[in-house]
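Novice: coordinates only, sequence not included:
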């Protein structure tokens, strides 16, 4: 596994994602990332701090630049709870839960982010405006309706399948309804 290629691909994916996601300041980006899958192992079986350390910094830089909130989904051992900054909890009136992610319950990305965030806290649910899923971690439950896929030119990060999405408001009405072009 060549980390140089992983980082290069990740940076391209982030460029494509942010060009298409149309996120505004204070929107929420949900990240699900199996570092095990990136390394070619079964999800949850070979958590890699190296992968988390490679992927998180360029994402955090873009999140900070765009002034958006990042929500990192922990693994199923924490019921896919999410790590966010305290400011996100305050902005959206979220209910925090008490747990600290570990390699055995949360995963490498959540552990790395816990150490990188200014004021990390966990929540059980969130309604994100967009999402990046590395390794089929199934972040859909944390996105607002209606989810619209973003089709990246790169389909995998390392060995992990990649999917991305943005959301849009529901279209309501009937045959006489009119919608702004977006």
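Specialist: That came in fine, so what should we check first? Just so it is clear, the structure is predicted and the values come from calculations on it, not from any experiment.
Novice: Within the sheet, what are the partner strands of the strand ranked longest in the chain, with directions?
Specialist: Counting by DSSP state E, the longest strand found in the chain is strand 160-167. Strand 160-167 has the following sheet partners, assigned by DSSP bridges: strand 130-134 (antiparallel), strand 147-150 (antiparallel), strand 156-157 (antiparallel).
Novice: Pipe these into a markdown table and attach distance to residue 34 and mean neighbour count per row.
Specialist: In this view, the C-beta of every residue, glycine as well, is placed from N, C-alpha and C. A markdown table is the format used below for these (distance: least, Cβ to Cβ, whole Å; neighbours: other Cβ atoms under 10 Å):
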| stretch | distance to residue 34 | mean neighbour count |
| --- | --- | --- |
| strand 130-134 | 7 | 25 |
| strand 147-150 | 19 | 14 |
| strand 156-157 | 10 | 21 |
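Novice: can you tell me which of those strands comes nearest to residue 170?
Specialist: Closest to residue 170 of the strands paired with strand 160-167, according to Cβ to Cβ: strand 147-150, at 11.2 Å.
Novice: does the residue nearest the centre of the chain have beta-bridge partners, and which?
Specialist: With distances taken as Cα atoms, centre = their mean, the chain has residue 31 as the residue nearest its mean C-alpha position (1.0 Å). The bridge-partner assignment for residue 31, based on DSSP bridges, gives residue 72, residue 132.
Novice: can you count the residues close to residue 102?
Specialist: Here the number of neighbours of residue 102 (other Cβ atoms under 10 Å) works out to 17.
Novice: neighbours of residue 15, just the number please.
Specialist: Residues near residue 15, counting by other Cβ under 10 Å, number 13.
Novice: Going along the chain, name the helices of this protein.
Specialist: In chain order, the chain shows helices spanning 3-21, 35-38, 49-66, 86-92, 108-116, with DSSP state H as the criterion.
Novice: for the shortest one, packing partners?
Specialist: Secondary-structure packing of helix 35-38 (3 or more Cβ pairs under 8 Å, 6 or more residues apart in numbering; DSSP states H and E): helix 49-66, strand 160-167.
Novice: so where's this protein uncertain?
Specialist: 1, 182 (pLDDT under 70).
Novice: Buried ones in the longest strand of the chain, by neighbour count?
Specialist: Buried residues in strand 160-167, counted by 16 or more other Cβ atoms under 10 Å: 160, 162, 163, 164, 165, 166, 167.
Novice: List the contacts of the nearest residue to residue 39 once chain neighbours are set aside.
Specialist: If the residues on either side of it in the chain are set aside, residue 39 comes closest to residue 48, at 5.2 Å by Cβ to Cβ, 6 or more residues apart in numbering. Contacts for residue 48 (Cβ atoms under 8 Å, 6 or more residues apart in numbering) come out as 35, 36, 38, 39, 108.
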